[in-house]
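Q: Fold the following, please.
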Amino acid sequence: MKLKLFGALAVAGVFCGASQANAASCGNVTIASMNWQSAELEAAVDKVILGEGYGCQVNMVIGDTVPTITSMVDKAKPDIVSEGAIDLLPAIVKQGIDAKKIVMASKVIQEGAVYGWYIPKYFADAHPEIRTIPDALKHPELFPDPENPGKGAIYNGPQGWGMTVNTAQLFKAYKADKAGFRLIDTGSAAGLDGALAKAYEHKQPWLGVYWSPTSLLGKYQMVKLEAGVPVDEAEWKRCTTVADCPDPKPTAWPPGRLYTLIAKPFADKASPDVMKYLNTRTFKTADVQQVMVWMTNNQATGEDGAKRFLKEKQDVWTKWVTPDAAEKIKASL
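A: Residues are numbered from 1 along each chain as shown. Predicted structure coming up:
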């Protein structure tokens with residue numbers, strides 16, 4: 001009996017030592033959960049896979065595009081940005097890569113993101129003459145500001161978002177204030193969503209910045225206005241993405257590339273299996289949007305959405321991880 005007990009304890013010690021070794025090989029990792037739905041979902045998936053599959057001690061922090069990526073470049077924290085919209089901050093991202101402060105890993109959403117100024121489809125159908133941003137700016141009376149009679153309204157995102165900076169700069173570039181418009185600070189992601197949803201439910205006009213993939217655009221049909229000018233990559237990098245640039249010029253939005261960003265110190269110490277996961281993990285828009293619509297309909301969190309994705313899409317995510325990690329993740333669910 002004593003020999004059996006000793007043997008059992010020895011085996012347990014081996015497994016415990018292996019588990020501790022796996023945790024040590026990954027160690028503590030900080031993941032930024034950005035305050036929009038797709039990024040929240042992706043960060044939660046990373047948390048489960050790195051925590052349950054590879055023994056990482058995961059700490060989640062709330063993030064926004066501008067302060068989070070800037071912090072990663074300046075301070076090497078957080079360790080991981082699950083969805084980095086690199087085209088919203090091209091100069092800072094390039095600075096970080098050139099200085100070997102950050103590493104670009106996988107393309108997080110294969111098809112990328114589509115940013116721009118949108119109007120509801122029912123409004124576009126009723127006003128076929130409005131197809132571009134300059135078209136819309138000719139008619140402030142069609143997009144009335146609820147707080148300033150006689151003014152038109154353009155709804156912006158919350159502070160800290162890259163596209164909020166872009167919209168503020170484009171507002172100046174198109175001289176929208178002289179055209180009779182005011183830029184509305186919606187204050188938060190919920191404020192932006194609420195403004196759009198309220199207008200849509202009452203079939204009212206609405207003009208503002210948004211993007212896909214999102215559950216909201218999965219629910220409400222919106223039309224992206226053309227810029228009226230081609231993409232000017234040099235102008236975009238010079239001024240459209242720089243908040244204090246004084247003389248922005250009109251340009252179309254470039255395609256939105258979404259990449260996983262890793263702080264170089266973490267990339268250097270992480271195990272090959274962890275880095276392989278971060279360099280392999282990529283979602284399809286349809287898969288992400290499907291989960292986001294479920295999250296919205298059920299008032300679910302990113303963690304809820306991650307569990308649903310991991311349960312329903314095992315044929316997808318098991319290709320990103322080692323067989324051993326896959327079994328641990330399945331057991332945790």
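Q: List phi and psi for the residue nearest to residue 64 when sequence neighbours are not counted.
A: What sits nearest to residue 64 in space, not counting adjacent residues and going by C-beta to C-beta, 6 or more residues apart in numbering, is residue 160, at 3.0 Å. To be clear about C-beta, it is placed using only N, CA and C from the backbone, and glycine gets the same treatment. Torsion angles at residue 160 (phi, psi; degrees, to the nearest 10) stand at phi 100, psi -20.
Q: Help me confirm that residue 160 comes into contact with residue 67.
A: Yes: Residue 160 lies in contact with residue 67 (C-beta atoms under 8 Å); the separation is 5.8 Å.
Q: quick one, which of the two is more surrounded?
A: Using other C-beta atoms under 10 Å as the criterion, residue 160 and residue 67 rank with residue 160 on top: 16 against 12.
Q: for that one, what are its contacts?
A: 35, 64, 65, 66, 67 (C-beta atoms under 8 Å, 6 or more residues apart in numbering).
Q: ok, the third one to residue 161 distance?
A: Here the criterion is C-beta to C-beta, to the nearest Å. By it, residue 65 lies 6 Å from residue 161.
Q: shared neighbours of the two, which are they?
A: Residues touching both residue 65 and residue 161 comprise residue 88, with contact defined as C-beta under 8 Å, 6+ apart.
Q: Of these two, which one has the most company?
A: For the pair residue 65 and residue 161, the greater number of neighbours falls to residue 65 (27 against 23), based on other C-beta under 10 Å.
Q: With adjacent residues omitted, what lies nearest to that one?
A: residue 162 (4.1 Å).
Q: Retrieve the pLDDT associated with the one you found.
A: On pLDDT, residue 162 comes in at 87.
Q: gap between the spatially most central residue of the chain and residue 31?
A: Nearest residue to the geometric centre of the chain (C-alpha atoms, centre = their mean): residue 39, 4.0 Å. Noted for residue 39: a distance of 10 Å to residue 31, by C-beta to C-beta.
Q: can you list residues touching both of the two?
A: Jointly contacting residue 39 and residue 31 under the rule C-beta under 8 Å, 6+ apart are residue 82.
Q: can you give me the strands in the stretch 51-200 of the chain?
A: Ranges of strands within the stretch 51-200 of the chain are 57-63, 80-85, 102-107, 114-120, 144-145, 148-156, 181-185, based on DSSP state E, counting those that start in this stretch.
Q: export those to TSV and tack on mean neighbour count, mean pLDDT and distance to residue 276?
A: Output for the strands of the stretch 51-200 of the chain, formatted as TSV (neighbours: other C-beta atoms under 10 Å; pLDDT from 0 to 100; distance: least, C-beta to C-beta, whole Å):
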stretch	mean neighbour count	mean pLDDT	distance to residue 276
strand 57-63	16	95	18
strand 80-85	28	94	14
strand 102-107	19	96	10
strand 114-120	21	95	29
strand 144-145	16	96	51
strand 148-156	18	95	39
strand 181-185	18	97	42
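Q: With distance to residue 232 as added columns, please give those in CSV.
A: Compiled in CSV, those are given as follows (distance: least, C-beta to C-beta, whole Å):
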stretch, distance to residue 232
strand 57-63, 29
strand 80-85, 19
strand 102-107, 23
strand 114-120, 15
strand 144-145, 29
strand 148-156, 21
strand 181-185, 21
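Q: Out of those strands, which gets nearest to residue 171?
A: strand 181-185 (4.9 Å; C-beta to C-beta).
Q: ok, back up a step: now name the helix or strand holding the residue nearest to the centre of the chain.
A: helix 37-48 (DSSP states H and E).
Q: how far does the very next helix or strand once past that helix sit from the chain's center?
A: Using DSSP H and E, the helix or strand that follows helix 37-48 in sequence is helix 54. On the basis of C-alpha atoms, centre = their mean, to the nearest Å, helix 54 sits 24 Å off its chain's mean C-alpha point.
Q: Output the contacting helices and strands for helix 54.
A: helix 2-26, helix 272-280 (3 or more C-beta pairs under 8 Å, 6 or more residues apart in numbering; DSSP states H and E).
Q: Contact partners for the nearest residue to residue 74 once chain neighbours are set aside?
A: Ranked by C-beta to C-beta, 6+ apart and with sequence neighbours excluded, the top spatial neighbour of residue 74 is residue 101, at 7.9 Å. Going by C-beta under 8 Å, 6+ apart, residue 101 touches 72, 73, 74, 76, 95, 263, 264.
Q: please redo it, this time with the cut-off set to 10 Å
A: Counting by C-beta atoms under 10 Å, 6 or more residues apart in numbering, residue 101 touches 72, 73, 74, 75, 76, 95, 263, 264, 265.
Q: Now do it against residue 235, distance only.
A: Counting by C-beta to C-beta, the gap from residue 101 to residue 235 is 26 Å.
Q: Just to check, residue 286 is in contact with residue 212?
A: No: using C-beta atoms under 10 Å, residue 286 is not in contact with residue 212, being 11.6 Å away.
Q: is it true that residue 226 touches residue 119?
A: No: with contact defined as C-beta under 10 Å, residue 226 does not reach residue 119; the gap is 11.4 Å.
Q: Now for those two: what residues contact both?
A: residue 131.
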